[in-house]
Each structure stands twice: as structure tokens, then as C-alpha cells.
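Chemist: With the input below, show me the fold.
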Amino acid sequence: MTPTTSPRDRYLVAAEACTGNDIVLFDCRSKLGEAQWGRRAWLAGHIPGALHLDLDRDLAGPPGPGGRHPLPDPNVLANRLGELGASDASRIVVYDDVGGAMAARAWWCVRWLGHDNVAMLDGGLNAWELANPKELQAGEQTRTPATFTRRDSLTKTISASELAANLGHQSLIDARTKERFNGEVEPIDAVAGHIPGATCLPFQGNLNSVGRFKSSDELAARFADLADPVIAYCGSGVTAAHNLFALRLAGRDEGVLYPGSWSEWLLDASRPRQPAA
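Modeler: You can find the predicted model right below:
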């Protein structure tokens, strides 16, 4: 990759180009609330050569005061990537089966560890199956362990206290559905609603009718009214990364992740929320 490579060419790959000797492929499928589902799905059938990255085990720390999916220990994650065969020189490609909703967390975490040579398979597993006549590979898959070094982070984060200190004067976007944002339904967290001052931009709006990312121009238009830096959150900091990914495809500056998201915000009753409690 050269410095002139566009973010779209750098971070998004087609099914035809997602495998090869120089690529380490990670299957990031998971279901919220079903901790073992992703591994079972991977064992049942995955793109040949793909290793499994687990949302709860690998890409998040234990639930607690930092929310349902706090960031993992970065050194532990770096070691895990190395154990799975990713090296400092690897081209990492991530995918899932839900339009990148889970894979975007892996993409963000790899860059959090300082590695920019990571991309998402556009359209995920469905796109690969349409483009590739080979059958999925079932069962365990391994690679020779390698050295994956943690470097200076390429991402940005904000804490709950930092966010609260300037609430209402920041470009804050919520990746959840409008119904959850409005507090009409809340299937996961104990309290419904959103952080005051946020704009609801569900991550699904980054995708076209066949589940692939919209053009860079379309994404740029979606975020046009937002001033940099854009802060992204969701229920627990997972699908928020989808909006951060889309911002980069749109040619925007690196956005900021609020990792704890709504699941952390609501734990402190003194923090404002809408609708008001």
C-alpha cells in the first residue's frame, strides 16, 4: 500500500481478493447474548483458511462498570492475534454475516493496536458465497503462530467523563435503531433512551440494498452535517465501529469511539439521558 491509497481501497476488499498466502482471514460472526454462537457457526462452515475471532473472548473484556463489551486488554489481544497466526507483516481481512456489524469491531481493534493493514470483506460471508464456487470449510483451522507487536494506536477513544464534560457541543452519533434511540424499546439494557445531543444514525444506513457499503460519495453525504471529530457510540461499543469505518470510507478524519456506550452511560444515574428518567 502506498500513502496515496484511498481509504476505500485500503479498508474494503471484494470477495475475489480476500484470500491468499499474504492474507490472514478472520471470521468474526457472533450474536449478542449467545456467547458460543460464533464459534459454532465458524466450525460449521467458514471461508477456507479463516480463523475465528470471538467478540466476547477476544474483542472485549469482561462486562462490568465499563459496559457490556469494554475494550479488551490490548496486550492480551495482540498476543491472541499472534497465536492465531497474524504477524506484523500480515494483511488482515475480517468478515461476518451481518453487513460488518461485528467485523467492524475487529477492524477497529486491529488499528487500535497500531496496525493499519486491515480490511473488511465487503458483503461478508454472503458475498463470498456468491462469488466463489467452493464449498465452505468446516471444522478447526489453524495457522503457525507469529509475532504480532502492539504499536502506537491509530484510533481515538473518549471516556464517559470526558464526553459528559462537553455534552451538547460535540458531533455525537448513535448506531442503534431509531426505536432504541427514542426509548420505545430496549431489548438488552436496563434503561431505554439515548445520550442527550446525539444524532441517530443506525449502522444499517451505511449499507446498500444487498448489504454492501454504499459509495464513498453516498457516505460522505450521510455524514456531511457532522463536524470533526465525530464521536460514535451504540449499545456497548460494537456497532459504533461500523459508523467509524464508514466515516473513513467517506474520506473523513478518524472518528472517536466511546467504548462503554449506552451500557456504561446508564450505570450512573447522575448522567443525563433522553427521555429523562
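Chemist: and the closest residue to T155 other than its chain neighbours, how many neighbours?
Modeler: In space, and not counting its chain neighbours, T155 is closest to W112: 4.6 Å by Cβ to Cβ, 6 or more residues apart in numbering. Where you see a C-beta, it was placed from the backbone N, CA and C, and this is true even at glycine. For W112, the neighbour count with other Cβ atoms under 10 Å is 23.
Chemist: show me what contacts the closest residue to L12 other than its chain neighbours?
Modeler: Spatial nearest neighbour of L12, excluding adjacent residues (Cβ to Cβ, 6+ apart): D122 at 5.1 Å. Listed by Cβ atoms under 8 Å, 6 or more residues apart in numbering, the contact set of D122 reads L12, V13, A14, A15, R212, F213.
Chemist: wouldn't the residue nearest to T155 be in contact with P74 here?
Modeler: Yes: between W112 and P74 there is a contact under Cβ atoms under 8 Å: 6.8 Å.
Chemist: Now do the strands in the stretch 1-150 of the chain.
Modeler: Per DSSP state E, counting those that start in this stretch, the stretch 1-150 of the chain carries strands over the ranges 12-13, 23-27, 51-52, 91-95, 118-121.
Chemist: Report the two members of the contacts of D122 separated by the largest distance.
Modeler: With Cβ to Cβ as the measure, no two of those lie farther apart than A15 and F213, at 13.3 Å.
Chemist: More neighbours: which of the two?
Modeler: F213 (23 against 20).
Chemist: Was I right to think that one contacts L219?
Modeler: Yes: look at F213 against L219 with Cβ under 8 Å: they come within range, at 7.3 Å.
Chemist: ok, back up a step: pLDDT and distance to P133 for the contacts of D122 - can I get that in JSON lines?
Modeler: Formatted as JSON lines, these follow (pLDDT from 0 to 100; distance: Cβ to Cβ, whole Å):
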{"residue": "L12", "pLDDT": "97", "distance to P133": "23"}
{"residue": "V13", "pLDDT": "96", "distance to P133": "19"}
{"residue": "A14", "pLDDT": "94", "distance to P133": "16"}
{"residue": "A15", "pLDDT": "91", "distance to P133": "11"}
{"residue": "R212", "pLDDT": "97", "distance to P133": "20"}
{"residue": "F213", "pLDDT": "98", "distance to P133": "24"}
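Chemist: Closest one to P196 out of these, please.
Modeler: Minimum distance to P196 across these is 29.7 Å, recorded for F213 (Cβ to Cβ).
Chemist: buried residues in stretch 159-173?
Modeler: Using 16 or more other Cβ atoms under 10 Å as the burial criterion, the residues of stretch 159-173 that qualify are A160, L163, A164, Q170, S171, L172, I173.
Chemist: Break down the stretch 151-277 of the chain into its strands, ranges please.
Modeler: All strands of the stretch 151-277 of the chain, identified by DSSP E, counting those that start in this stretch, fall at 156-157, 171-174, 199-200, 230-233, 256-257.
Chemist: Not counting the last one itself, show me its contacts.
Modeler: This points to strand 256-257. Contacts of strand 256-257 (Cβ under 8 Å, 6+ apart): 108, 155-158, 229-233, 237, 240-241, 244.
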